[in-house]
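In: For reference, the sequence and a predicted model appear below.
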Amino acid sequence: MTKNAEIIVDGQKYITIKKAAIYLELNCGRIRELLKNKRVKYHKAPSRIYILKKDIFEYKAKCDNIRDNYYPLLKASQLANMDTKYFYKIVKKYFKSYILFGGKYYVSKEEFENYIQKENDLNKNYYTLEESATLLDRHSSSVFALVKKKQFKGTLLFKNKYYIPKSEVELFITENFINNDEYIVITEANNLYGIDLRTLKKLPNTRMVKQPRFKALIYKKDIEAYLHRQKYLNTDPILEDSKAAYEFFIIESTNLFENSLYKETSTLYKNFVFLQLKKSEEKNKRKAIRRYIRCSRRLLKLIHKDIFLFDDNEIKLFLSEESITTNDSALICRFLLYCKSIKKNKCRFTVIPVIQRKYDNSEQRETIPEKTFVQYHQNVIDLNFHIQKAVKKSKHTQIWIYIMMHLFEAWRAGDIKSIPNIDLDQVNIVDFSYFNNNLNGLSKLQAEIILQQYYMHELIVNKTGACNSFNVPKSLIIPFATALTIAEIHRRKNNKKCIMYHFQNSYPKKSDYLRFFNGQSELAAFSNLKACRTFLTLFYEYVSEKSNLQSIANEVTRRLRSHKLQENDMLLTNTTSIYIQEMNNNEKEVNFSVHLFERGSFGWLYHTLLLFIAGDKTWNRLSLQDKTNLIVGIESKQSPLQIEGLGKFLLRQQEKKKILIDEIRNFPKEKLLDKIQGIYEGIMPARVPEAQCFVYGNCKHPKPQKICYQCEYLIPNKYFLVSLKNELFNLLKAFQDLINREEKAIKSGYFLSLDAEKMKLRWILLEYMNLLGEALDEECGLGRETVSAFIDLNLLYKSLEIVR
């Protein structure tokens, strides 16, 4: 054998590493790596390592084959103009001839070139499913359905994607497109007219060509007519302006009146509608317009001559027609009155029937059982359950608000849907993260701040134009404010105009209630009319039981519903009375009235009245100390030093309360109940906002209204704190002005004493602080947390330093 070059072991030739490197055209380090990875057989001599010559030649042949017939993965990805990692995934999934050699992947040149050729062919002659959908202006799922139906010949499936021949797509367009100037593709109409596709597809009285395999076309003039109607429906004038409402009525009914044979009746009816709209106080007149149009159709269809030429019998027969509803009859009777006043001598009928709404014992007269009504109350105050649902689903939040408003006010459904938005900056909540750790809802302070916004907002009844009442009982303050806050976050997140955006054109359905009440079918039968009727009935019974004066109770209930008295209207009855039903008194729920009908009054006088109404027995059961505390009213627990300093003021307060208690004790029981009833009813107003006067109509201090703040007969409501706050800070500002004047005089070199003016302001301030103290009292007041929602107590106490 040749020294140091080759050796023969067991009849096989071995060569040195250096010679193997020459054969393979590699460096020695690469050869050693092959040895390490056991890719070639070797023999270890005492001084050096020898490699099997046969393995070297086989390895060289394999390298030559890869170089001639394969691309490295990196080079192949560059040729394909793809990211290496992405191309590797394609190779693993779709290539059959790829190998791993020397720690690198190699791709068959032949298979790679076929792949590139196929890609180029597809890009040149085929559309992807998504590209086809864009060209056909359809959703990709719609095009996929056509592919499954073999609508396009020659469709290929490559890399889990469908490719449709361009010729087939173009043929499809040619065969199915209607080029007609009178029609427009519905998606183009969406862009041109700014109407969303869902609305376009549901437009009433619209001609639409639904082609079997292509775009839907819609008649241009129908869209223009719709936009003409919407001009009146969606602009502000139609909501409040009677002239714009009348113009819309004329546009909608033009064909009806033009085709009528009875022109005088048509003219009379149009003039009648104009007057009705003019005196209407409805904020939204759309429903009224639809009602007038519907009635005019029936009227003009049924008459056989001008209406004023009908005699009494013909009028009676006309009104008895089956197609005329009770609502139509009432409206037609109004129209007959108008005809009689205009035509006078020409009018042949003399008697106009009085149409009253008919009620039977069906669902129209039903109320919710009191036990179920209480269940609604118990359900909506479950904050832990509802907050988790409400944060996830905006619809759940709005149903939550909708149901709660039926539990403390007799609002109509349309008014609930139009509740105003709220300002979340005041409570420093911007998103749902607050509720992750606060499943008990807002704090009492935050809730009062939110509800105070609604109190400050003018809430108008759409139907009557009257101011809507808004008074949330204590048990619902936090749930209701929490629901409003979550709804407002949803509104902002979804960029909607109003809080109740899910129900602007509809009302909650039974399926919605079923989901809301977590499958409780007995609660899912919720109804706006039933709920309002039940609330008014329960409130009526609560008030009448308190006072034994049903006439007053009926008046209170009427005010809750915001009905207007129409004594001179011969066609209408007192609509409040129809809502009040008899309830089964045996099913009374304990403390139910307290939860739902507490109206927010507070103060020493109000608390004392309730004690006296409980009767002499209750008074006699009080201990001497209790009576003394009641008379003196030292709820604020003054220190001896404070009492000494405020002695004169406290003595005066004591004398006032002694006189007032004696006066109350001498009142007949019925008169006391009447006074309390007046507070519930709100018909004994003081000369300051949101307060009642115990001696209303017989003022003991006939002076300017500010004396009410110092009057012992004042019974404030919690919203009275808004005006009290303004008075307190105005008083402190006036006190500061006096101090500034004194300091300015001293700087100018002369002495000025305004102690008399400051003393006067101090006495007034004591009266105001006394009112604030009654509000802060936890027993007969509102409590510190509620007061803090209206008055910044820290700021107030800091401001009081100037007085001290």
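Out: Everything's here; your move. Numbering: from 1, shown residues only.
In: Which parts of the stretch 201-350 of the chain are strands?
Out: Taking DSSP state E, counting those that start in this stretch as the criterion, the stretch 201-350 of the chain carries its strands at 208-210, 216-219.
In: ok, of the ones you listed, where does mean pLDDT dip lowest?
Out: Of all the strands of the stretch 201-350 of the chain, the minimum mean pLDDT falls on strand 208-210 (a mean of 53).
In: domain parsing for the protein?
Out: Listed by automatic domain parsing, the domain ranges of the chain are 6-68, 183-228, 235-346, 363-550, 600-804.
In: Quick one: residues contacting the residue lying closest to residue 272 once chain neighbours are set aside.
Out: Excluding its sequence neighbours, the residue lying closest to residue 272 (C-beta to C-beta, 6 or more residues apart in numbering) is residue 338, at 4.7 Å. Every C-beta, even on glycine, is put in place using the N, C-alpha and C of the backbone. With contact taken as C-beta atoms under 8 Å, 6 or more residues apart in numbering, residue 338 is in contact with 268, 271-272, 275.
In: out of those, which are inside helices?
Out: Residues of these located in helices (DSSP state H): 268, 271-272, 275.
In: so what's residue 693 closest to, chain neighbours aside?
Out: Of all residues not flanking residue 693 in the chain, residue 686 sits nearest, at 4.2 Å (C-beta to C-beta, 6+ apart).
In: from memory the one you found sits against residue 708, does it?
Out: Yes. Residue 686 sits in contact with residue 708 when judged by C-beta atoms under 8 Å, with a separation of 4.8 Å.
In: And for residue 450, the neighbour number?
Out: Burial of residue 450 is recorded as 26 neighbouring residues (other C-beta atoms under 10 Å).
In: Not counting its neighbours along the chain, what's nearest it?
Out: In space, residue 450 is closest to residue 481, 4.1 Å off (C-beta to C-beta, 6+ apart).
In: residue contacts, the residue lying closest to residue 297 once chain neighbours are set aside?
Out: Closest residue to residue 297 apart from its sequence neighbours, by C-beta to C-beta, 6+ apart: residue 256 at 6.3 Å. Residue 256 makes contact with 293, 296-297, 300, according to C-beta under 8 Å, 6+ apart.
In: State the distance from residue 256 to residue 404.
Out: The gap separating residue 256 from residue 404 is 43 Å, by C-beta to C-beta, to the nearest Å.
In: next one: residue 417
Out: Taking C-beta to C-beta as the measure, residue 417 falls 14 Å from residue 404.
In: swap in residue 798?
Out: Residue 798 sits 37 Å away from residue 404, going by C-beta to C-beta.
In: Which one's more surrounded, the two?
Out: Taking other C-beta under 10 Å, residue 798 and residue 404 do not tie; residue 404 has more neighbours (23 against 10).
In: Which elements pack onto the helix or strand that contains the more buried one?
Out: Residue 404 belongs to helix 394-408 when elements are defined using DSSP states H and E. Where contact means 3 or more C-beta pairs under 8 Å, 6 or more residues apart in numbering; DSSP states H and E, helix 394-408 is packed against helix 370-380, helix 383-392, helix 413-417, helix 474-493, helix 510-516, helix 528-547.
In: Which positions in the second one come out as buried?
Out: The one in question is helix 383-392. 383, 386-387, 389-391 (16 or more other C-beta atoms under 10 Å).
In: now the fifth one
Out: Burial within helix 510-516, assessed by neighbour count using 16+ other C-beta under 10 Å, is assigned to 512-516.
In: quick one, longest helix in the protein?
Out: helix 720-747.
In: Check which helices and strands that helix is in contact with.
Out: If contacts are counted by 3+ C-beta pairs under 8 Å, 6+ apart, helix 720-747 sits against helix 444-456, helix 755-776, helix 784-790, helix 793-799.
In: quick one: average pLDDT of the third one?
Out: What that stands for is helix 784-790. Helix 784-790 comes out at a mean pLDDT of 80.
In: list the helices and strands that helix packs on?
Out: Here helix 784-790 touches helix 444-456, helix 720-747, helix 755-776, going by 3+ C-beta pairs under 8 Å, 6+ apart.
In: what about the closest residue to residue 153 other than its chain neighbours, helix or strand, and which?
Out: With C-beta to C-beta, 6+ apart as the criterion, residue 153 has its nearest non-adjacent residue at 5.9 Å, and that residue is residue 168. Per DSSP H and E: residue 168 is located in helix 166-176.
In: same question, residue 683
Out: Under DSSP H and E, no helix or strand contains residue 683.
In: What is the neighbour count of it?
Out: Neighbours of residue 683 using other C-beta under 10 Å come to 14.
In: Count the neighbours of residue 272 for me.
Out: Counted with other C-beta under 10 Å, residue 272 comes out at 20.
In: do residue 109 as well
Out: A total of 14 residues lie near residue 109 under the criterion other C-beta under 10 Å.
In: quick one: contacts for it?
Out: Per C-beta under 8 Å, 6+ apart, neighbours of residue 109: 69-71.
In: low-confidence ranges in the stretch 551-700 of the chain?
Out: Across the stretch 551-700 of the chain, residues meeting the criterion (pLDDT under 70) sit at 551-651, 653-655, 658, 677, 680-682.
In: between residue 686 and residue 708, what contacts are shared?
Out: Common contacts of residue 686 and residue 708, defined by C-beta under 8 Å, 6+ apart, comprise 693, 714.
In: What's the separation between residue 391 and residue 486?
Out: Distance from residue 391 to residue 486, by C-beta to C-beta: 6 Å.
In: so what's in contact with these two at the same time?
Out: By C-beta under 8 Å, 6+ apart, residue 391 and residue 486 have these common neighbours: 432, 435.
In: For the closest residue in space to residue 350 that isn't next to it in sequence, grab the count of nearby residues.
Out: What sits nearest to residue 350 in space, not counting adjacent residues and going by C-beta to C-beta, 6+ apart, is residue 312, at 6.0 Å. Neighbours of residue 312 under the rule other C-beta under 10 Å: 13.
In: Quick one: residues contacting residue 312.
Out: Residue 312 sits next to 349-351 when contact means C-beta under 8 Å, 6+ apart.
In: Most neighbours among these, please name it.
Out: Tallying neighbours with other C-beta under 10 Å puts residue 349 at the head of the contacts of residue 312, with 19 neighbours.
In: show me the contacts for the spatially closest residue to residue 294 that is not a sequence neighbour.
Out: Nearest residue to residue 294 in three dimensions, chain neighbours excluded: residue 328, at 7.4 Å (C-beta to C-beta, 6+ apart). Going by C-beta under 8 Å, 6+ apart, residue 328 touches 294-295, 298.
In: how near is residue 328 to residue 402?
Out: The gap separating residue 328 from residue 402 is 30 Å, by C-beta to C-beta.
In: what's the answer for residue 509, then?
Out: Applying C-beta to C-beta to residue 509 and residue 402 gives a distance of 12 Å.
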